[in-house]
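Undergrad: Got a sequence here, can you build the structure:
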Amino acid sequence: MAITTKSVAVRAIAEFSDFNLKMARGQKMLQRLKDEDVQIATADKEVVLRHDKVTLYHYKATAKPTLATPVLVAYGQIGRYTMTDLQEDRSMLRNLLALGVDVYAVDWGAPTRSDRWLRFEDYVDDYLDTCVDFIRRAHGLEAINLLGICEGGVFALAYAAKARALQMGGAGAEAKAAAARASELARAATPRERGHVEAVSLALGSDLPRANFGDEKLRAVRKT
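TA: Residues are numbered from 1 along each chain as shown. Next up is the predicted model:
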């Protein structure tokens, strides 16, 4: 059956009408919605470490373990780690847990004027390193997996200068600039600091690469 100009116009009008109806319903819902009705980052977790404003969370397992090495998720300072657990059906962290991964996440805290004295090295060599050391000691491991997202990807890249392996995805110019800084940190790293991260996956920007931590099952991490 041939498609006529009239049928296309009718369909376009119907789609536009349906769109307006959805917008009107959405506006009414937002008007009724209160701040306390919006719940994000609700995956079950516990605080296992506090260091200055930094908080390290350990998530409760939801499936049988499939990976011996835990994963530490490091997000940026603005978007925060809660972006990885927006809701039950849109949660990277819940997907990892469902795959049997032992997950930790670092929250950098809310910055204030007092933080203007902090340097790049403070986040990499102190805060991130402290979290990595805590997890290593808790599990009796020499190395862990580190997943850096957004600004956390830059921190992870710098820390990866001390790592045994590095997987980069969508890094771009921002990561190249960080790589130069990472090389400086690597030269300053002590033998004890090297090798504490088994693998690093970077996600700079909005498109998360599929995680690969040496387990083929984790290639399906991103379900959304």
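
Undergrad: CA atoms for contacts and neighbours, from now on please.
TA: OK.

Undergrad: How is the protein divided into domains?
TA: 5-34, 45-220 (automatic domain parsing).

Undergrad: where among those domains is the average confidence lowest?
TA: Per-stretch mean pLDDT for the domains of the chain is lowest at domain 45-220 (a mean of 75).

Undergrad: so what does the lengthiest helix in the chain touch, helix or strand wise?
TA: In the chain, taking DSSP state H as the definition, the longest helix is helix 5-32. Here helix 5-32 touches no other helix or strand, going by 3 or more Cα pairs under 8 Å, 6 or more residues apart in numbering; DSSP states H and E.

Undergrad: Check which element follows that helix along the chain.
TA: strand 45-51 (DSSP states H and E).

Undergrad: Pull up the pairing partners for that following strand, direction included.
TA: Paired strands of strand 45-51, with direction, are strand 54-59 (antiparallel) (DSSP bridges).

Undergrad: Can you give the contact residues for the partner strand?
TA: 43-50, 102-109, 127, 131 (Cα atoms under 8 Å, 6 or more residues apart in numbering).

Undergrad: ditto for stretch 92-106
TA: In contact with stretch 92-106 (Cα under 8 Å, 6+ apart) are residues 43, 54-59, 61-75, 81, 84-85, 88, 131, 217-218, 221-223.

Undergrad: can we see that at 7 Å?
TA: Stretch 92-106 is contacted by residues 43, 55-59, 61-67, 70-74, 81, 84-85, 221-222 when judged by Cα atoms under 7 Å, 6 or more residues apart in numbering.

Undergrad: Can you flag the buried ones in those residues?
TA: Neighbour-count burial within the contacts of stretch 92-106 applies to 43, 55-59, 61-62, 67, 70-74, 81, 84-85, 221-222; the criterion is 16 or more other Cα atoms under 10 Å.

Undergrad: Give me the subset of the contacts of stretch 92-106 lying in strands.
TA: Residues of those located in strands (DSSP state E): 55-59, 71-74, 85.

Undergrad: got those as a markdown table, with distance to Met23 columns?
TA: A markdown table is the format used below for those (distance: Cα to Cα, whole Å):
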| residue | distance to Met23 |
| --- | --- |
| Thr55 | 39 |
| Leu56 | 39 |
| Tyr57 | 38 |
| His58 | 39 |
| Tyr59 | 36 |
| Val71 | 40 |
| Leu72 | 39 |
| Val73 | 35 |
| Ala74 | 35 |
| Asp85 | 26 |
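
Undergrad: Just the closest of the residues you listed to Ala14, please.
TA: Asp85 (35.6 Å; Cα to Cα).

Undergrad: Please report the distance of that closest one from Lys28.
TA: Using Cα to Cα, to the nearest Å, we find Asp85 at a distance of 26 Å from Lys28.

Undergrad: burial of Ala12, as a residue count?
TA: 12 (other Cα atoms under 10 Å).

Undergrad: Counting neighbours, which bits of stretch 98-111 end up buried?
TA: Buried residues in stretch 98-111 (16+ other Cα under 10 Å): 98-108.

Undergrad: try stretch 82-98
TA: Buried, per 16+ other Cα under 10 Å, within stretch 82-98: 82-87, 91-98.

Undergrad: out of those, who's nearest Gly148?
TA: Thr84 (11.4 Å).

Undergrad: And that closest one, how far from Leu56?
TA: From Thr84 to Leu56 the distance is 15 Å (Cα to Cα).

Undergrad: now swap in Ile135 and tell me
TA: As judged by Cα to Cα, Ile135 and Leu56 stand 10 Å apart.

Undergrad: Done for today, thanks.
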